[in-house]
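A.B. asks: Fold the following, please.
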Amino acid sequence: MADLWGGGVIASPDRLNPRQPVAVIDMTPQLNAPLLGIFGNDDNGPSPAQVDQHEAVLKEYGKTYQFHRYDGAGHAFMGYDRASYRPQQAMDAWGKIMDWFTTYLA
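C.D. replies: Residues are numbered from 1 along each chain as shown. Just a heads-up that it's a prediction; the model follows:
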């Protein structure tokens, strides 16, 4: 599994509703697939603090995961058709994604 967005994983109680009654992070105990996370350090959704919180919960439950963070990259930095595109970071991230899937899906 790969998380290339991460927005909404950490949700405060006021953001929960009938369509999303539980924050994604609260489902961590049931996670049964290795998780790759790709994040930009300039992103606000998820912010670096939210990525830290997500990582702490994954560690707490002994989950297999790997997170990569990129300086100079914000939200949607892999979207080549957007102003937020960061080619160097995106190419590195794609390499990490391919390695992850080769390891866990082969």
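
A.B. asks: contacts, neighbours, all on C-alpha from now
C.D. replies: Noted.

A.B. asks: How about residues contacting the strand or helix carrying Met98?
C.D. replies: Element membership for Met98, per DSSP states H and E: helix 87-105. Identification of contacts with helix 87-105 by CA atoms under 8 Å, 6 or more residues apart in numbering yields Ala2, Pro34, Leu36, Ile38, His68, Tyr70, Ala73, Phe77, Met78, Tyr80.

A.B. asks: now these: which count as buried?
C.D. replies: Neighbour-count burial (16 or more other CA atoms under 10 Å) applied to the contacts of helix 87-105 gives Ala2, Leu36, Ile38, Tyr70, Ala73, Phe77, Met78.

A.B. asks: Would you agree the second one falls within a strand?
C.D. replies: Yes. Going by DSSP: H, G, I helix; E, B strand; the rest coil, the assignment for Leu36 places it inside a strand.

A.B. asks: Look up how far Asn17 lies from it.
C.D. replies: Going from Leu36 to Asn17 by CA to CA, to the nearest Å gives 27 Å.

A.B. asks: And for the fourth one?
C.D. replies: The spacing between Tyr70 and Asn17, counted by CA to CA, is 32 Å.

A.B. asks: quick revisit: next, the buried residues of the helix holding Met98.
C.D. replies: For helix 87-105, by 16+ other CA under 10 Å, it's Gln89, Ala90, Ala93, Lys96, Ile97, Trp100.
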